[in-house]
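> Sequence and predicted structure below; questions after.
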Amino acid sequence: MNYRLVAKYLGHFTIAISGMMIVSVLWALYYMEGWQSLFDIMQAIVLGLAIGGLLTFLGRNASNQLFQREALALVGLGWLLIAAIGALPYWTTGLLDPVDAYFESMSGFTTTGSTVLVDIEATPKSILFWRSFTHWLGGMGIIVLFIAVLPYLGAGGKQLFRSESPGPDPRGLSPRIKDTASILWKIYLGLTLIQTALLFTAGMSLFNALCHTFGTLATGGFSPRAESIGSYNSSFIDGIIIVFMILAGTNFSLYFVMLRGNWKALFQDTEWRVYVGILLAATILITVNLMGIQAPTAPDSAAQTPSLDYGWMHAFRMASFQVVSIMTTTGYSTDNSEIWPLFSRALLVVLMFVGGCAGSTGGGLKVVRFIILLKLAHNQLQRTFRPKTVRPLRINGQVVGTEVQKTVLNFFVLYMMIFAFGTLYMSFLGLPLQTAFTSVAATLNNIGPGLEHVGAVENFAFIPASGKIFLSLCMAMGRLELFSICVLFIPSFWKHS
């Protein structure tokens with residue numbers, strides 16, 4: 001392990017993130033929040049720059065040759081450190097204690113959207129903007145951003161890109177990985193400008209339009225309004241955000257292919273067709289359920305739930321928004337899903353695990369992994385009565401290699417082990433089963449809200465400090481596809497090879 005090299009790059013990343021806090025200073029000036037607020041934010045910037053400078057000094061004269069081990073360490077430690085640096089404004093302003101500040105920062109950068117803020121609208125606008133801006137930075141990937149702008153990463157950038165990119169088989173758009181990162185960020189920036197303009201036209205202030213755009217395209221869900229998108233009660237705003245949440249949950253590589261002239265790329269992609277099919281099916285099922293159509297239960301049954309009896313237009317509007325928000329792991333809300341029928345809530349929990357497409361800003365297991373797992377199960381069932389049959393697994397007409405299949409299976413097993421342990425641990429801390437279960441699901445899948453005490457109208461402030469630290473780790477594991485964080489806990493990983 002080249003510790004000097006890792007320290008040097010961590011220092012550069014820390015300096016860059018600290019410098020980006022200047023946007024909060026600008027909003028503090030715009031909203032005239034006072035000299036104390038400016039001083040507190042500047043204190044966070046100076047502290048971050050000092051830490052970055054120290055790390056850079058420790059890594060002086062290190063070689064720039066980056067191997068896979070250093071890349072994994074840099075990505076894993078980078079995200080853990082960047083979350084700590086991003087927590088500084090919450091702490092220096094006295095808004096949150098160190099543990100809560102780290103939780104909020106990690107939730108922002110990993111685009112999870114879980115929060116410990118109790119009175120959001122009383123929070124200074126400069127801090128709320130930083131909170132949403134961390135979403136935007138983390139959405140496409142902090143390391144991918146650095147690859148796009150730092151020329152000296154060279155060939156090592158490819159190792160970093162692979163370690164951070166979501167999905168089992170991220171495709172390259174260009175032979176040069178720096179060009180690929182640059183292309184992805186240009187598409188991301190273009191969508192940001194378009195959505196911000198549309199939300200501004202729909203009646204949002206520029207501040208709120210930017211914050212909600214950051215939360216949408218990063219599939220994060222932080223909102224400067226306590227009631228999230230529901231506070232606007234606008235079907236036009238709902239529609240804009242639904243469209244851009246779907247776009248954010250789509251593989252960004254497909255947009256590049258479309259820009260090159262292949263406008264049928266979306267419909268030719270198996271994963272995207274399944275993704276849209278699940279969204280449509282879930283929306284129809286929940287719409288029907290919200291209209292009061294459900295299986296009858298005994299009058300004294302514990303499972304009895306009140307019928308909301310929404311009109312079909314209102315039911316469709318609420319269902320479509322919440323389904324897209326949960327499956328893309330955005331976490332915005334327009335209605336209190338805690339009062340929905342049990343079937344609707346159960347379906348939302350299932351969608352938490354599905355997530356968006358590989359190569360998107362969405363979290364979850366990813367649609368392509370479910371496709372691979374279902375095809376593997378189907379092939380295995382056929383082998384039970386046709387043992388001599390050899391059927392290759394194909395997606396988009398291409399054979400999925402055995403190495404990718406093994407990686408998907410290993411990921412799924414590791415994911416389920418972490419999820420089971422997390423649920424047990426949160427239950428051990430005293431959380432009710434439904435709260436414990438969905439708190440881990442919400443953070444490991446980078447969704448934000450869960451159910452019961454961590455539902456759409458609640459927050460994570462009541463959870464003990466040790467639970468917040470564990471859930472912060474879950475957010476990082478979910479954002480980095482488990483492996484880049486899990487390897488940090490293997491002693492042999494740190495030994496000299």
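Sure thing, it's come through.
> Show me what the strand or helix carrying Pro89 is packed up against.
Using DSSP states H and E, Pro89 sits within helix 88-92. Contacts defined by 3 or more Cβ pairs under 8 Å, 6 or more residues apart in numbering; DSSP states H and E place helix 88-92 against helix 35-58, helix 98-109, helix 125-140. C-beta coordinates here come from the backbone N, C-alpha and C atoms, glycine included.
> Quick check: which of those helices is nearest to Asn289?
Asn289 lies closest, by Cβ to Cβ, to one member of the helices and strands packed on helix 88-92: helix 98-109, at 29.9 Å.
> Let me know how buried Gly86 is, in neighbour terms.
Neighbours of Gly86 under the rule other Cβ atoms under 10 Å: 29.
> OK, contacts around it?
The contact partners of Gly86, by Cβ atoms under 8 Å, 6 or more residues apart in numbering, come to Ile17, Ser105, Gly108, Phe109, Trp130, Thr134.
> which stretches of the stretch 201-350 of the chain form helices?
With helices called from DSSP state H, counting those that start in this stretch, the stretch 201-350 of the chain shows them at 206-217, 235-248, 252-259, 265-268, 270-290, 312-327, 342-354.
> Format those as JSON lines; extra columns: mean pLDDT and distance to Leu38.
Shown next, in JSON lines, are these (pLDDT from 0 to 100; distance: least, Cβ to Cβ, whole Å):
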{"stretch": "helix 206-217", "mean pLDDT": "95", "distance to Leu38": "18"}
{"stretch": "helix 235-248", "mean pLDDT": "95", "distance to Leu38": "32"}
{"stretch": "helix 252-259", "mean pLDDT": "85", "distance to Leu38": "37"}
{"stretch": "helix 265-268", "mean pLDDT": "86", "distance to Leu38": "46"}
{"stretch": "helix 270-290", "mean pLDDT": "94", "distance to Leu38": "44"}
{"stretch": "helix 312-327", "mean pLDDT": "93", "distance to Leu38": "35"}
{"stretch": "helix 342-354", "mean pLDDT": "91", "distance to Leu38": "40"}
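> could you list every residue that touches the closest residue to Arg60 other than its chain neighbours?
Closest residue to Arg60 apart from its sequence neighbours, by Cβ to Cβ, 6 or more residues apart in numbering: Lys8 at 7.2 Å. By Cβ under 8 Å, 6+ apart, the residues touching Lys8 are Leu55, Thr56, Leu58, Gly59, Arg60, Ala62.
> one step back: mind listing what's buried along the helix holding Pro89?
Leu88, Pro89, Tyr90, Trp91, Thr92 (16 or more other Cβ atoms under 10 Å).
> What's the local residue count around the residue nearest to the fourth one when sequence neighbours are not counted?
For Trp91, ignoring the flanking residues on the chain, the nearest one in space by Cβ to Cβ, 6+ apart is Ala101 at 4.5 Å. Neighbourhood size, Ala101 [other Cβ under 10 Å]: 22.
> Test my guess that Ala101 contacts Ile85.
No. If you go by Cβ atoms under 8 Å, Ala101 and Ile85 don't touch, sitting 10.8 Å apart.
> What pLDDT is listed against Lys406?
pLDDT for Lys406: 88.
> Now do the SS call for it.
State at Lys406, reduced to three classes by DSSP: H, G, I helix; E, B strand; the rest coil: helix.
> what about Thr287, distance to Gly311?
To Gly311, Thr287 is 11 Å away according to Cβ to Cβ, to the nearest Å.
> I misspoke; the intended subject was Pro89.
Pro89 sits 44 Å away from Gly311, going by Cβ to Cβ.
> hang on, the earlier thing: Ile339 is nearest to which of the helices and strands packed on helix 88-92?
Closest among the helices and strands packed on helix 88-92, using Cβ to Cβ: helix 98-109, at 25.0 Å.
> In that closest one, which residues are buried?
Under the neighbour-count criterion of 16+ other Cβ under 10 Å, helix 98-109 has Val99, Asp100, Ala101, Tyr102, Phe103, Glu104, Ser105, Met106, Ser107, Gly108, Phe109 buried.
> Pick the one among these closest to Thr123.
The nearest member of the buried residues of helix 98-109 to Thr123, counting by Cβ to Cβ, is Glu104 at 10.4 Å.
> My guess is the closest one contacts Ile120. True?
No. The criterion here is Cβ under 8 Å, and Glu104 misses it with Ile120 at 11.1 Å.
> who's in contact with stretch 26-37?
Stretch 26-37 has contacts (Cβ under 8 Å, 6+ apart) with Leu38, Ile41, Thr93, Pro124, Lys125, Ser126, Phe129, Phe207.
> for the last one, what are its contacts?
Applying Cβ under 8 Å, 6+ apart, one finds that Phe207 lies in contact with Trp27, Lys125, Phe129, Pro224.
> ok, now Ser114?
Ser114 sits next to Phe103, Ser107, Gly331, Ala442, Thr443, Gly448, Pro449, Val454, Asn459, Phe460, Leu471, Met475 when contact means Cβ under 8 Å, 6+ apart.
> excluding its backbone neighbours, what's nearest the second one?
Yep, that's Ser107 we're talking about. Nearest residue to Ser107, sequence neighbours excluded (Cβ to Cβ, 6+ apart): Ser114, at 4.8 Å.
> Wait, a helix at that neighbour?
No. Checked against three-state DSSP, Ser114 lies outside a helix; its state is coil.
> roughly how far apart are it and Leu381?
On the measure of Cβ to Cβ, Ser114 and Leu381 end up 38 Å apart.
> what do you get for Gln398?
Applying Cβ to Cβ, the value for Gln398 to Leu381 is 23 Å.
> what do you get for Ile447?
Note on Ile447: its distance to Leu381, by Cβ to Cβ, is 31 Å.
> higher neighbour count, the two?
Ranked by neighbour count (other Cβ under 10 Å), Ile447 and Leu381 place Ile447 first, with 33 against 10.
> Please verify my assumption that that one contacts Gly362.
No. Using Cβ under 8 Å, Ile447 is not in contact with Gly362; the gap is 9.4 Å.
> Tell me the spacing between Pro341 and Phe321.
17 Å.
> More neighbours: those two, which one.
Phe321 (24 against 19).
> Am I right that the more buried one is in contact with Thr330?
No. Phe321 lies out of contact with Thr330 (Cβ under 8 Å); the separation is 9.8 Å.
> Does Gly448 touch Gly331 like I think?
Yes. The criterion here is Cβ under 8 Å, and Gly448 meets it with Gly331 at 2.9 Å.
> which residues do the two both contact?
Thr112, Gly113, Ser114, Gly220, Gly221, Ala442.
> Spatially, and excluding backbone neighbours, which residue is closest to Ile395.
Distances taken as Cβ to Cβ, 6+ apart place Thr270 nearest to Ile395, at 5.3 Å, with adjacent residues excluded.
> swap in Phe236?
Spatial nearest neighbour of Phe236, chain neighbours left out: Ala202 (5.1 Å); criterion: Cβ to Cβ, 6+ apart.
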